[in-house]
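Undergrad: model this:
(one chain, ligands or ions: 2)
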Amino acid sequence: MRSPRSPNRGTGGGSARSTLRPPRYTRGEAEIDFPLRSVHRHEQKKETSMQELTPAAATEGRIRSRWAVLPLMGVILAGPGCAEPPPGEDPAEILPAARQMFDTIQAFPASFLDAPDVELGRALFWDERLSRNGATSCASCHTRENWGSDARQLSIDARGELTGRQSQTVFNSMAQRSIRWRGDRETGAEQAQGSIVGSMGMDDPEEMVELMHELGYEGRFRAAFPDDPAPVSAENYGRALEVYQSTLVTPAPFDEYLAGDPSALTDEQVEGLELFVSTGCGSCHGGKLLGGGAFQRFGILEDYWTVTGSEEIDEGRYAVTGREEDRYVFRVPMLRNVVRTGPYFHDGSVASLGEAVEIMARVQLGRELDPVEVERITLFLESLTGEIPEGYSSPH
Ligand code: HEC
Ligand code: HEC
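TA: Numbers count the residues shown, from 1 in each chain. Ligands and ions are numbered 1, 2, ... in the order given. Got it, this is the predicted structure:
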């Protein structure tokens, strides 16, 4: 058996459509082990593999290396200036420290790419006709050239309006705890469903359902959601897009390094990794995606806009929750493929990655990095660049 289970198979079709259930992949009895966030969230109650995404995991004693813990304590307990690596620490210890702080990802198995819900999601993702102006697809703002993100500071939606924030990469994004800069969507399915009246510019989700019928999508929906009596729906549009995006996993040289191949990183990249850890970056950008889990204030030591030159001041999660402690708080972005996904920050205000690194050290950690240190960290970040996933191209 090599077909992904659709979420509502065997659950009575219609009634299951109102709740967004995650897709589950099975091969015989075994569930596929890949970072589909919904599987971790909903299917495994313990969420063990997601815990390392949060800095809190370090304080729970999960990260035991002195080197790894010190910078975090520098941030949490003592403020800036306390993040020096302990004198005399042996650089060879960086691999065990890195293994505690980060984790590997695995490519999505190619043999599942022709599953009906993956293929449906791919068709929807790349179909420009499915939008208000008939010329906008998901891929318009999540381009191949920019590794699943947009090279523009802000994107233009199907109504011709500028988006509120910079378009992030969709690669690896389904493995995150929450979706978007402010974490205001829980799942990829919810996010995609929301974009019908958002980026795709429809007045009503039903308009999209009618359009999908007109464009002959019914057979594909039926194949992907065989137990659903009315398979062409906004919910299933969201689900299929989540499933397709869950295949967009990009292992990189850093995964080989963590798995035990020291030659996967150059000496300069290893120096960059050491700096990344000793400066304190890993305390927020940890786990298998080097981010994507916790929420943190952007600008802990200085207001971010004084260094980014942002024209508009985005209040971050405060606008979502209304809680004072969420002002200027954003989801810590994952750093996989970050070299290819500029411009940087929620408003795309910074074009150069080196500058973004410098700003991070300054406003999050109170550290001034010299140009060589910035270069080394940037070289390390290059080791997080994977291949563009198979299937990230238009099937039309
Ligand atoms: C008009 C441009 C545009 C289009 C079209 C578009 N997006 Fe996006 N996308 C964005 C922007 C901008 C963001 C960041 C929004 C935010 O965080 O507030 C984003 C964020 C996302 C994210 C969140 C990634 C993360 O790391 O949390 C996902 C997933 C995503 N889009 C998928 C899609 C899918 C699927 C479609 C098609 C149904 C789509 N997008 C269509 C611009 C676009
Ligand atoms: C206290 C938590 C924290 C620490 C420490 C931290 N970051 Fe960040 N980082 C964030 C947050 C939050 C953002 C999102 C900022 C925004 O809203 O644009 C971010 C954004 C970034 C970005 C931009 C990513 C993108 O896709 O636009 C890069 C690059 C980055 N950080 C690298 C680093 C480096 C390198 C260090 C160490 C020098 C570091 N960070 C330290 C929380 C942190």
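
Undergrad: Can you give me the separation between the most centrally placed residue in the chain and ligand 1?
TA: Residue closest to the average C-alpha location in the chain (CA atoms, centre = their mean): S173, at 2.9 Å. Plainly put, S173 is 4 Å away from ligand 1 if you go by CB to the nearest ligand atom, to the nearest Å. Glycine gets a C-beta too; all of them are placed from N, C-alpha and C.

Undergrad: I figured that residue was touching G188, is that so?
TA: Yes - S173 lies in contact with G188 (CB atoms under 8 Å); the separation is 7.1 Å.

Undergrad: what residues do the two have in common as contacts?
TA: Each of I179, Q245 lies in contact with both S173 and G188 under the rule CB atoms under 8 Å, 6 or more residues apart in numbering.

Undergrad: residues touching Q364, list them.
TA: V75, G280, C284, Q296, F298, G299, I300, L301.

Undergrad: go with 6 Å
TA: I300 (CB atoms under 6 Å, 6 or more residues apart in numbering).

Undergrad: Surely it forms part of a strand?
TA: No - remark: Q364 does not belong to a strand; assigned using DSSP: H, G, I helix; E, B strand; the rest coil, it is helix.

Undergrad: sorry, back to before: list the contacts of the residue nearest to the centre of the chain.
TA: Residues near S173 by CB under 6 Å, 6+ apart: none.

Undergrad: gap between it and D114?
TA: 22 Å (CB to CB, to the nearest Å).

Undergrad: How about stretch 328-345 and ligand 1, any contact?
TA: No - shown here: stretch 328-345 not in contact with ligand 1 (CB under 6 Å from any ligand atom), separated by at least 6.9 Å.

Undergrad: measure that stretch end to end?
TA: End-to-end distance of stretch 328-345 (CA to CA, to the nearest Å): 12 Å.

Undergrad: what sits up against that stretch?
TA: Residues contacting stretch 328-345 (CB under 6 Å, 6+ apart): 147, 149, 153, 169, 171-172, 181, 183, 284-285, 289-292, 294-299, 308, 316-317, 346, 350-351, 356, 381-382, 384-385.

Undergrad: For this structure, which residues are neighbours of ligand 2?
TA: Counting by CB under 6 Å from any ligand atom, the chain sits next to ligand 2 at 75, 181, 279-281, 283-285, 296, 298, 300, 330, 332-333, 335, 338, 341, 344-346, 356-357, 360-361, 364-365, 377.

Undergrad: Tell me how many other residues surround the nearest residue to T308 once chain neighbours are set aside.
TA: Spatial nearest neighbour of T308, excluding adjacent residues (CB to CB, 6 or more residues apart in numbering): S349 at 4.2 Å. For S349, the number of neighbouring residues by other CB atoms under 10 Å comes to 22.

Undergrad: Quick check: S349 vs R159, distance?
TA: 24 Å.

Undergrad: again with G366
TA: Distance from G366 to R159, by CB to CB: 42 Å.

Undergrad: Show me which of these two is the more surrounded one.
TA: Shown here are G366 and R159; by other CB under 10 Å, G366 has more neighbours (18 against 15).

Undergrad: Do I have it right that that one meets L301?
TA: Yes - counting by CB atoms under 6 Å, G366 does reach L301; the two are 4.7 Å apart.

Undergrad: and this structure, which of its residues are near ligand 1?
TA: 125, 136, 138, 140-142, 155, 157, 163-165, 167-168, 170, 173, 176, 179-181, 188, 191-192, 195, 199, 241, 245.

Undergrad: Of the residues you listed, which count as buried by neighbour count?
TA: Burial by neighbour count, 16 or more other CB atoms under 10 Å: within the residues of the chain next to ligand 1 this picks out 125, 136, 138, 140-142, 155, 157, 163-165, 167-168, 170, 173, 176, 179-181, 188, 191-192, 195, 199, 241, 245.

Undergrad: Next step: these restricted to helices.
TA: F125, C138, S140, C141, G188, Q191, A192, L241, Q245 (DSSP state H).

Undergrad: what about the residue lying closest to the third one once chain neighbours are set aside, how many neighbours?
TA: Leaving aside its chain neighbours, S140 sits nearest to E128 (7.1 Å; criterion: CB to CB, 6+ apart). The local packing count at E128 equals 16, with neighbours defined by other CB under 10 Å.

Undergrad: picking up where we left off before, give me the pLDDT for the residue nearest to T308.
TA: Note on S349: pLDDT of 98.
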